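Peer 1: quick one, fold the following:
(chains A and B)
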Amino acid sequence: MLRIDDLRVNYGGIEAVKGVSFDVPEGQIVTLIGANGAGKSTTLRTIAGLIKPAEGRIRLQAEDITGISPDKIVSKGITLVPEGRRVFPDLTVLENLKIGAYLRSDDLTDDLNWVYSLFPRLKERSWQAAGTLSGGEQQMLAVGRALMSRPKLMMMDEPSLGLAPLVVKDIFAIIKRINSQGVTILLIEQNANMALHIADTAYVLETGRLTLSGTGEELLRNEAVKKAYLG
Amino acid sequence: MNYLLTTLISGISLGGQYALIAIGYTLVYGILRLINFAHGDVFMVAGLMMVYLSAALPLPVAMVFMLVLTVALGFAIERAAYKPLRSAPRMSVMISAIGVSYLLQNLATYVTGGLPQTYPTIPWLSQVAWGTVKWAAIVTPFLVVALVFALTQLINHTKVGMAMRAVAKDFETSQLMGIKINNVISMTFVIGSALAAVGSALYFINFPSIVPLSGALPGLRAFVAAVFGGIGSIPGAVVGAFIIGISETAIKASPYSIFSDAFTFALLIVILVVKPTGLFGEKVTDKV
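Peer 2: Have a look, this model is predicted:
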């Protein structure tokens, strides 16, 4: 579905991504794991169109989408749940969901119901300002907001960051559920254990390069991965 | 008693005119964190355009053209002088704004030859309604309230307004929603310029003529009003503008009339020292 070829990205004066190639097959949960500064976020932000790559190709179902603007990326069915959730604190929960569907002009009722069925808590709080939600609820809102664009591919940047272990478990269960409803997932995580457990395909990114790949289970059993990321 | 009442009506009217300018400052600040120093000069250029257009066209047509051209000017200034600096430090954009301000003033000097241009009289609006009060002064507060109401409806209850609120908070996440932030930014300049154009007609009608520096002081006073009310806040800008308009008129009507601007700018200093976020300002204005 998504194919990355020899992606090189300069960011903040350094070459953050140094020639990365990987595939995101349709219908799968794919994860990129790696330490801080390995280039995971930069890779996702480049796919989302926020950063222009120095070299390389990004293809979505054979269509070259390298370097196009973020709004065009969204309209092609790719969405990014940003690191740190980044909900709009002054907008209500409902407005946050509606703004996720900004490029759509059709009826949103079905999608709102879908998001509310995934996250009943959001329905209860739909008139509350998003800034008053707890961290876990904000993460749910960020995911719900991304779903409102009806994505084919949902990219998630560290959804577990700063959340209590129980909440993290919930979020990962929801990710699986969303995936089972036909949305391809590209997930990056420092919580490698959780990510590898749900991933169909996994890649390890180290200082801007891919060093390992395999199924989630393979990497969970891999000695080098165990040592470096699973403690 | 009559004197008091006419002073009050003039003050409210002047406040309304300042409010129409101040909203332009506060909207742009809310989105770009930029004090658009050229805004007062856009206001002046709107006045000059009215002078030239009304000489060639029937008045209602001239007014429409003036409005459209002022909007186009505000849009063009943003695209030419601020958009290329989107990722530059805020200071660079502010200096660019000061540059645009001087450019407009000097262009106006060039076009007018530095001579005061007689502002056209507008039938009905220019006529005296009661005592020394013109119809314009009576209409202004109602027009301001209607425009502010329409603007708040736009911002709070439409898709484009929602996008404006989102972009004001977070450029990057707004882009991830598919919002074209440049269009939203242009929109704020369009609204701000349109309101300044309306304000300029209501303001300059009270003066016999207009010079290239005519926008500087009303612009500054409206800026003080926006800061006083809490820059970034629309209700703040409106309330601040009415307070400043009324106090200025009241002081001008008193024996201490020469101190009217001193009062306005002293108010700026006091508010910056005592409550820098203004009457209705956000508690935390800086983006993390």
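Peer 1: and the residue nearest in space to the middle of chain A, bridged to which residues?
Peer 2: The residue lying closest to the centre of chain A (Cα atoms, centre = their mean) is residue A:156, at 1.5 Å. Bridge pairing for residue A:156 (DSSP bridges) gives the partners residue A:81, residue A:187.
Peer 1: thought residue A:81 was touching it, still the case?
Peer 2: Yes - counting by Cβ atoms under 8 Å, residue A:156 touches residue A:81, with 4.5 Å between them. From N, CA and C alone the C-beta is placed, and that goes for glycine too.
Peer 1: tell me where chain A has helices.
Peer 2: In chain A, the helices defined using DSSP state H lie at A:40-47, A:70-75, A:93-100, A:109-118, A:120-124, A:135-147, A:165-180, A:192-198, A:216-221, A:223-225.
Peer 1: make that the stretch 101-250 of chain B, sorry
Peer 2: B:135-157, B:159-169, B:171-176, B:181-204, B:216-229, B:234-253 (DSSP state H, counting those that start in this stretch).
Peer 1: looking at those, spot the one closest to chain A.
Peer 2: For the helices of the stretch 101-250 of chain B, the distance to chain A is smallest for helix B:171-176, at 4.1 Å, taking Cβ to the nearest Cβ.
Peer 1: residues from the stretch 101-250 of chain B in reach of chain A?
Peer 2: B:159, B:162-163, B:165-166, B:169-170, B:172-173, B:175-180 (Cβ under 8 Å from any Cβ of the partner chain).
Peer 1: now the buried members of those.
Peer 2: B:162-163, B:165-166, B:169-170, B:173, B:175-180 (16 or more other Cβ atoms under 10 Å in any protein chain shown).
Peer 1: need the residues you listed in a markdown table (columns: pLDDT).
Peer 2: Listed next are those as a markdown table, based on pLDDT from 0 to 100:
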| residue | pLDDT |
| --- | --- |
| B:162 | 95 |
| B:163 | 96 |
| B:165 | 95 |
| B:166 | 96 |
| B:169 | 93 |
| B:170 | 94 |
| B:173 | 96 |
| B:175 | 96 |
| B:176 | 96 |
| B:177 | 96 |
| B:178 | 96 |
| B:179 | 96 |
| B:180 | 96 |
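Peer 1: may I see the residues you listed arranged in TSV, with distance to residue A:3 as well?
Peer 2: Listed next are these as TSV, based on distance: Cβ to Cβ, whole Å:
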residue	distance to residue A:3
B:162	35
B:163	32
B:165	37
B:166	32
B:169	34
B:170	30
B:173	26
B:175	23
B:176	22
B:177	25
B:178	23
B:179	27
B:180	27
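Peer 1: can you check which of the helices of chain A gets nearest to residue B:100?
Peer 2: helix A:70-75 (28.2 Å; Cβ to Cβ).
Peer 1: anything in the closest one near chain B?
Peer 2: Yes - Helix A:70-75 is in contact with chain B by Cβ under 8 Å from any Cβ, via A:70, A:71, A:74, A:75.
Peer 1: quick check: which ranges of chain A have low pLDDT?
Peer 2: Counting by pLDDT under 70, chain A shows low-confidence ranges at A:231.
Peer 1: cutoff 90 now
Peer 2: Residues of chain A meeting the criterion pLDDT under 90: A:11-16, A:34-39, A:62, A:162, A:189-194, A:206-209, A:211-212, A:216-217, A:220-231.
Peer 1: one step back: quick one: closest of the helices of chain A to residue B:195.
Peer 2: helix A:93-100 (24.9 Å).
Peer 1: who touches the closest one?
Peer 2: A:79, A:87-88, A:91, A:108, A:112, A:115, A:122, A:125-130, A:133, A:141, A:144-149, B:159, B:162-163, B:166, B:177, B:179 (Cβ atoms under 8 Å, 6 or more residues apart in numbering or on different chains).
Peer 1: what's the ChimeraX line that selects buried ones from these?
Peer 2: If you want just the buried ones from the contacts of helix A:93-100 in ChimeraX, going by 16+ other Cβ under 10 Å, the selection is:
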select /A:79,87,88,91,108,112,115,122,125,129,130,133,141,144,145,146,147,148,149 /B:162,163,166,177,179
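Peer 1: please verify my assumption that residue A:36 contacts residue A:205.
Peer 2: No - using Cβ under 8 Å, residue A:36 is not in contact with residue A:205, being 11.2 Å away.
Peer 1: which of the two has more neighbours?
Peer 2: residue A:205 (22 against 7; other Cβ atoms under 10 Å in any protein chain shown).
Peer 1: identify the bridge partners of that one.
Peer 2: residue A:210.
Peer 1: OK, contacts around it?
Peer 2: By Cβ under 8 Å, 6+ apart, the contact set of residue A:205 is A:20, A:32, A:33, A:34, A:38, A:39, A:40, A:43, A:211.
Peer 1: measure residue A:162 to residue A:155 for me?
Peer 2: Taking Cβ to Cβ, to the nearest Å as the measure, residue A:162 falls 19 Å from residue A:155.
Peer 1: now residue B:251
Peer 2: For residue B:251, the distance to residue A:155 - Cβ to Cβ - is 60 Å.
Peer 1: give me the neighbour count for the closest residue to residue B:137 other than its chain neighbours.
Peer 2: Using Cβ to Cβ, 6 or more residues apart in numbering or on different chains and skipping residues adjacent in sequence, the residue nearest residue B:137 is residue B:13, 3.7 Å away. By other Cβ under 10 Å, 26 other residues sit near residue B:13.
Peer 1: same thing with the one 4 residues further on?
Peer 2: Using other Cβ under 10 Å, the number of residues around residue B:17 comes to 31.
Peer 1: repeat that for the one 10 residues further on.
Peer 2: Applying the criterion other Cβ under 10 Å, we find 27 residues in the vicinity of residue B:27.
Peer 1: so which elements touch the host helix or strand of residue B:64?
Peer 2: Element membership for residue B:64 (DSSP states H and E) is helix B:59-77. Contacts defined by 3 or more Cβ pairs under 8 Å, 6 or more residues apart in numbering or on different chains; DSSP states H and E place helix B:59-77 against helix B:39-56, helix B:181-204.
Peer 1: for the last one, name the packing helices and strands.
Peer 2: In this structure, helix B:181-204 packs against helix B:2-32, helix B:39-56, helix B:59-77, helix B:135-157, helix B:159-169, helix B:171-176, with contacts taken as 3+ Cβ pairs under 8 Å, 6+ apart.
Peer 1: buried sites along it?
Peer 2: B:181, B:184-204.
Peer 1: write out the residues of chain A neighbouring chain B.
Peer 2: Proximity of chain A to chain B (Cβ under 8 Å from any Cβ) is limited to residues A:48-50, A:69-71, A:74-75, A:79-80, A:82, A:86, A:88-91, A:95, A:98-100, A:102-103, A:145, A:149.
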